[in-house]
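> sequence first, then the predicted structure:
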Amino acid sequence: MLTVAHGTFCLIDIGDATVRGFIAGSGSFNILEFILRVNIVGVGRFTISLYGEVKREICNSKNEKLLFDSTREKELVEYYIEGLKMLSVAYDDKQLMLFIHGFSNSYTYRETFNASVELASKRHVPREKILQSKAEGDAYFRRNNK
């Protein structure tokens, strides 16, 4: 609201200063009269208000993107956990169940992902089918869930 108020004030003030500049110049524009009539402090306040609005909007955009990325990453991890649960049922594997429990209850996804790569190697999964990094895993799940 302050930005709108300052903007309106500046618009009226600059309009008045422009008209008085033309009147003082007898038909031509008198720049000295314009500078003397314009409220420099008001223009400065309007500029600061605009700067604050732009800065807040940039922060909001960054936070919205971060929230979206975090939500998407959480979904990917949940899909990954569901896949691991299906594998544990198929293999009737207690070690994999412990791994899933550890993965679900910790925030160290990168380390856990590396452990899943090691587990896949122990299960004799072909190397070309093993996702070697968290980034590859994210790309795989994004591609399969769109």
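Good, I have the coordinates.

> for the residue lying farthest from the centre of the chain, what are phi and psi?
Centroid-distance maximum for the chain: residue 26 at 54.7 Å, with C-alpha atoms, centre = their mean. Main-chain torsions, residue 26, degrees, to the nearest 10: phi 50, psi 50.

> how near is it to residue 36?
As for residue 26, its distance to residue 36 is 16 Å (criterion: C-beta to C-beta, to the nearest Å). Any C-beta I mention is one placed from the backbone N, CA and C, and that applies to glycine too.

> before we move on, what about residue 25?
13 Å.

> please apply the same query to residue 84.
The separation that residue 84 has from residue 36, given C-beta to C-beta, amounts to 75 Å.

> which of those two has more neighbours?
Just comparing residue 84 and residue 36: by other C-beta atoms under 10 Å the higher neighbour count belongs to residue 84, 19 against 12.
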